[in-house]
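Student: Here is my input, please return the structure:
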Amino acid sequence: MDSNVVKKSEIKYEKATNILWKVWWFCWYLLIVPSGITALGYFIFLFISNYDIYISLGFSVLTFIFSLLFFYKFYDKYRNDPVFLNQTNNPTSRIHILFLITIFSSIVTPIFVFISPPGYSFELLPLISFCVLYFIVFYYYYFKPIDFFNASEGEFKRSISFSLASKQFYNIIVIINFIIHILFLSFLFNTKISWLFAIITNTFFYFITLVSTKNIRKIINDSVKENKIFLKELIIFHKKYSVSILSLIFVLLIQIPFDIIGVYSFNGITHTLFELINAFFLSIMFFLIYLKIRVYLAFYYKKILMRLPKNEI
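Tutor: From the prediction side, this is the model:
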């Protein structure tokens, strides 16, 4: 009887200790360290900006968000259900990381505007924050490959060689997405609301990607738990993921001319018929290129699926 009481007390003590440690690591990695880096960054930016408090505060916000997202990986290992260190949820985390980082980078701008008095303009801030924060995507993708699943180790792995992994479209599209977003934000920075266009477009495709891949991700997760072969399903996920990011990219390209014309027209600037026709045909050209790539991807993944041995389907 006494031994049972002692055992229960030890279990309760162990649980309480684990909770306290989790609280400590949460505070350390998500509060103390990011805040310390932010404070240091504030004084550095204050000196660089010739003691402009508002610019220093603004860039400190960007520093805090970057530090918070970066150090979350270190805190993740102390969670019962880790997001990034759980090697069986790679397809889902790949979606979350790509879109949420882009959305966070766009949210930085209205934060700057909110804390700064009238007269401060941050046209290039969406571009700067995106370029800085997107490197977290590359960083996490290095730890979260989806090239194939090693059943013996219970983890997703990257291809045997870097050259082989770099030829996979679902990896290439991440770099293309980075480049196109830079072009998009560069062309629209004068509109002063490029961050808003980026938030709306990325949020829309974030939910579209989650919904369109929901069933296939569930099959993959169930197959991992049941130790079943799911190479076919993984390839289908590669295709759906690639198509979704490709669609995001071309929606950004297609809307560039109309966003520029629409914003300047709203501000009272008129456009000639020639400019409107050029914008229309530029968008049509992007749309036709998008359709061509979609057809190519359809045949590309169809060939891959047809080559699969029957015992791996």
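
Student: so where's the stretch 201-313 of the chain uncertain?
Tutor: Filtered on pLDDT under 70, the stretch 201-313 of the chain yields the residue ranges 262-275, 310-313.

Student: Recalculate using a threshold of 50.
Tutor: Scanning the stretch 201-313 of the chain for pLDDT under 50 picks out no residues.

Student: For the stretch 201-313 of the chain, just list every one of the helices.
Tutor: 214-225, 231-266, 273-307 (DSSP state H, counting those that start in this stretch).

Student: If you count contacts, what does the shortest one end up packed against?
Tutor: Other elements packing on helix 214-225 under the criterion 3 or more CB pairs under 8 Å, 6 or more residues apart in numbering; DSSP states H and E are helix 90-115, helix 231-266. Bear in mind the C-beta positions are built from the backbone N, C-alpha and C, glycine included.

Student: domain assignment for this protein?
Tutor: 1-82, 84-312 (automatic domain parsing).

Student: Tell me which residues of stretch 89-105 come out buried.
Tutor: 89-105 (16 or more other CB atoms under 10 Å).

Student: still on that earlier bit, and the domains of the chain, which is most packed in?
Tutor: domain 84-312 (a mean of 16; mean count of other CB atoms under 10 Å).

Student: Quick one: distance of that domain to the chain centre.
Tutor: 8 Å (CA atoms, centre = their mean, to the nearest Å).

Student: Please apply the same query to stretch 26-38.
Tutor: 22 Å.

Student: What pLDDT is listed against residue 141?
Tutor: On pLDDT, residue 141 comes in at 84.

Student: Can you tell me the element it falls in?
Tutor: Secondary structure from DSSP states H and E places residue 141 in helix 125-143.

Student: Can you spell out which helices and strands pack onto that helix?
Tutor: helix 53-76, helix 90-115, helix 169-188, helix 194-212.

Student: can I get the ones you listed in JSON lines with distance to residue 303?
Tutor: Listed next are the helices and strands packed on helix 125-143 as JSON lines, based on distance: least, CB to CB, whole Å:
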{"stretch": "helix 53-76", "distance to residue 303": "36"}
{"stretch": "helix 90-115", "distance to residue 303": "22"}
{"stretch": "helix 169-188", "distance to residue 303": "13"}
{"stretch": "helix 194-212", "distance to residue 303": "22"}
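
Student: Tell me which of these approaches residue 242 most closely.
Tutor: helix 169-188 (4.8 Å; CB to CB).

Student: between the closest one and helix 273-307, how many degrees?
Tutor: 170 degrees (axes from the mean of the first three to the mean of the last three CA atoms, to 10 degrees).

Student: Not including adjacent chain positions, what is the nearest residue to the residue positioned nearest the centre of the chain?
Tutor: Geometric centre of the chain, nearest residue: residue 98, 1.5 Å, by CA atoms, centre = their mean. Computed as CB to CB, 6 or more residues apart in numbering, the closest residue to residue 98 that is not its neighbour in sequence is residue 137, at 5.7 Å.

Student: re the thing from before, for residue 38, find the nearest of the helices and strands packed on helix 214-225.
Tutor: With CB to CB as the measure, helix 90-115 is the member of those nearest residue 38 (13.0 Å).

Student: Confirm for me that the residue nearest to residue 98 is in contact with residue 101.
Tutor: Yes: distance between residue 137 and residue 101: 5.2 Å, which falls inside the contact criterion (CB atoms under 8 Å).

Student: what about residue 248, distance to residue 203?
Tutor: Applying CB to CB, to the nearest Å, the value for residue 248 to residue 203 is 11 Å.

Student: Quick check: closest non-adjacent residue to residue 61.
Tutor: Nearest to residue 61 is residue 111, by CB to CB, 6+ apart, at 5.2 Å.

Student: where in the stretch 1-150 of the chain is pLDDT low?
Tutor: For the stretch 1-150 of the chain (pLDDT under 50), the answer is none.

Student: Contact partners for residue 166?
Tutor: Neighbouring residues of residue 166 by CB atoms under 8 Å, 6 or more residues apart in numbering: residue 172.

Student: cool, residue 235 as well?
Tutor: Counted by CB under 8 Å, 6+ apart, residue 235 has contacts 301, 304, 305, 308.

Student: how does it look with 7 Å?
Tutor: For residue 235, the contact set (CB atoms under 7 Å, 6 or more residues apart in numbering) comprises 301, 304, 305.

Student: do the same with residue 238
Tutor: Residue 238 touches residue 170, counting by CB under 7 Å, 6+ apart.
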